[in-house]
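Visitor: structure of the sequence below:
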Amino acid sequence: MTLDLPEPVAEQGLPPSVQIVEVGPRDGLQNEKASIPAAVKLEFIDRLGAAGLRTIEATSFVNPAWVPQLADATEVFTGLGKRPGVRYPVLVPNLRGLQGALAAGATEIAVFASATRTFAEKNLASSLDGQFDMFAPVIEQALAAGLTVRGYLSMCYGDPWEGRVPVDQVVAAGRRLLDLGCGELSLGDTIGVGTAGQVTALLAAFAAAGVTNDRLAVHFHDTYGQALSNTMAALRAGVSTVDAAAGGLGGCPFAKSATGNLATEDLVWLLTGLGIEHGVDLDALVRTSVWMAGQLGRPSPSAVVRALAGSGDGS
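Guide: The predicted structure follows:
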């Protein structure tokens, strides 16, 4: 596959480099209806590493009754051909999940909290306050075992049951995750309703609360086509860690209005055009997403993949 990359035109004040957290193998595949063999997931993860991605969220040690697609978490994680310099964090929902992750040899975990009461009830069977009581021993034991811990915070811009989410409510929930020991906090637009102005306002509120940009990441869904503009707002605010899923895969099994994640290819195209270092081989990444789309039996929703895929066979 041959492609022309955009001409780099730098913008003052943006981060010189961005760390991409590739969530395709976990967040991207968790809501698929058809069963995906572990061998396909392992090849997907290996191809992502070969394309230059250095943080790849591999799976989640979650109750299979909640997320059947990730029932093979142990098989996938222990089967990884781990590449030097590549990190493979996993999501854990509770102490049982942490035990599974530790037994499999994980060195990095993430927990997944909600900024709203209703989503905490539906996703975690917990109250808004109670979820932090649930996560406290998970984070404490993970840190004691030498693991690093990331915190995801969902519904930061809107909730399908509660509507708009107050900024101070999001900041308070995020601060609680950080205070429990999370080294990084990923702010999620779970249903993709956020806009650039909201992103700017939320990040400013975290800054006013004493949370520095090096502890924040952003996680956008593209339901209303706002993921790239929201990413641009985050970059202008100084955030340099961005979650994305190869090919724009994804959704949330507990929020039916959530569609695909920001496509990693679309993000890489944007960063390349801004002259921001990212370390990803876009050619190899597009081939990977075309291949994965073939495994899933449908075309990739990524605009960049659609634009470039015709110049190669995706093998």
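
Visitor: element containing V242, please.
Guide: Using DSSP states H and E, V242 maps to strand 241-244.

Visitor: state the mean pLDDT of the next helix or strand after that strand.
Guide: Downstream of strand 241-244, the first helix or strand assigned by DSSP H and E is helix 264-273. Regarding helix 264-273, the rounded mean pLDDT is 98.

Visitor: show me what the helix or strand following helix 264-273 is packed up against.
Guide: Per DSSP H and E, helix 264-273 leads on to helix 282-296 as the next helix or strand towards the C-terminus. Taking 3 or more CB pairs under 8 Å, 6 or more residues apart in numbering; DSSP states H and E as the contact definition, the neighbouring helices and strands of helix 282-296 are helix 38-50, helix 264-273, helix 303-308. (Each C-beta comes from the backbone N, C-alpha and C, glycine too.)

Visitor: tell me which of those sits nearest to M155.
Guide: Ranking those by their distance to M155 (criterion: CB to CB) puts helix 264-273 first, at 21.8 Å.

Visitor: got the angle for that closest one vs helix 282-296?
Guide: Helix 264-273 and helix 282-296 are oriented at 170 degrees to each other (axes from the mean of the first three to the mean of the last three CA atoms, to 10 degrees).

Visitor: and the helices and strands packed on helix 282-296: which comes nearest P8?
Guide: Using CB to CB and comparing the helices and strands packed on helix 282-296, the one that lies nearest P8 is helix 264-273, at 6.3 Å.

Visitor: contacts for that closest one?
Guide: Helix 264-273 has contacts (CB atoms under 8 Å, 6 or more residues apart in numbering) with 5-9, 18, 20, 22, 24, 53, 227-228, 231-232, 242, 244-248, 277-278, 280, 282, 285-286, 289, 302-305, 308.

Visitor: equivalent analysis for stretch 191-209, please.
Guide: 155-160, 167-168, 170-171, 174-175, 187, 213, 216, 218, 220-224, 226-227, 229-230, 232-234, 236-239, 252, 255, 257-259.

Visitor: what is the helix or strand of the chain with the lowest mean pLDDT packed up against?
Guide: Taking all helices and strands of the chain together, the one with the lowest average confidence (mean pLDDT, DSSP states H and E) is helix 117-124, at a mean of 91. Other elements packing on helix 117-124 under the criterion 3+ CB pairs under 8 Å, 6+ apart are strand 108-114, helix 130-144.

Visitor: so which of those is the most surrounded?
Guide: Most buried of those by mean neighbour count (mean count of other CB atoms under 10 Å) is strand 108-114; its value is a mean of 24.

Visitor: neighbouring strands - and their directions - for that strand?
Guide: Taking DSSP bridges as the criterion, strand 108-114 forms sheet pairs with strand 90-91 (parallel), strand 148-154 (parallel).

Visitor: now distance to L42 too, for the helices and strands packed on helix 117-124, in a markdown table please.
Guide: A markdown table is the format used below for the helices and strands packed on helix 117-124 (distance: least, CB to CB, whole Å):
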| stretch | distance to L42 |
| --- | --- |
| strand 108-114 | 18 |
| helix 130-144 | 24 |
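
Visitor: could you find the closest non-adjacent residue to G146?
Guide: In space, and not counting its chain neighbours, G146 is closest to T107: 7.5 Å by CB to CB, 6 or more residues apart in numbering.

Visitor: before we move on, the earlier item: counting by contacts, list what the strand holding V242 packs against.
Guide: Contacts defined by 3+ CB pairs under 8 Å, 6+ apart place strand 241-244 against strand 19-22, strand 184-189, strand 216-220, helix 264-273.

Visitor: still on that earlier bit, convert the least confident helix or strand of the chain to CSV, retaining C-alpha atoms only.
Guide: Taking only C-alpha atoms (Å, rounded to 0.1, in the frame of the first residue of the first chain), the coordinates of helix 117-124 have been written out as CSV:
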residue,chain,number,x,y,z
ARG,A,117,-25.1,7.8,39.4
THR,A,118,-27.2,6.0,36.8
PHE,A,119,-24.3,4.6,34.8
ALA,A,120,-22.6,3.5,38.0
GLU,A,121,-25.7,1.5,38.9
LYS,A,122,-26.1,0.0,35.4
ASN,A,123,-22.4,-0.7,34.6
LEU,A,124,-21.1,-1.4,38.1
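
Visitor: begin at 46 from here
Guide: Yes, from this point I'll number from 46; that puts the last item at helix 162-169.

Visitor: tilt between that helix and strand 193-199?
Guide: 130 degrees.

Visitor: about what we covered before: pull out the buried residues from the strand holding V287.
Guide: When burial is assessed from 16 or more other CB atoms under 10 Å, strand 286-289 yields the following buried residues: 286-289.

Visitor: need those residues in CSV (columns: pLDDT).
Guide: Written out in CSV, the entries for the buried residues of strand 286-289 read as follows (pLDDT from 0 to 100):
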residue, pLDDT
T286, 98
V287, 98
D288, 98
A289, 98
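
Visitor: just the buried ones among the contacts of helix 309-318, please.
Guide: By 16+ other CB under 10 Å, these give 63, 65, 67, 69, 98, 272-273, 276-277, 287, 289-293, 323, 325, 327, 330-331, 334, 347-350, 353 as buried.
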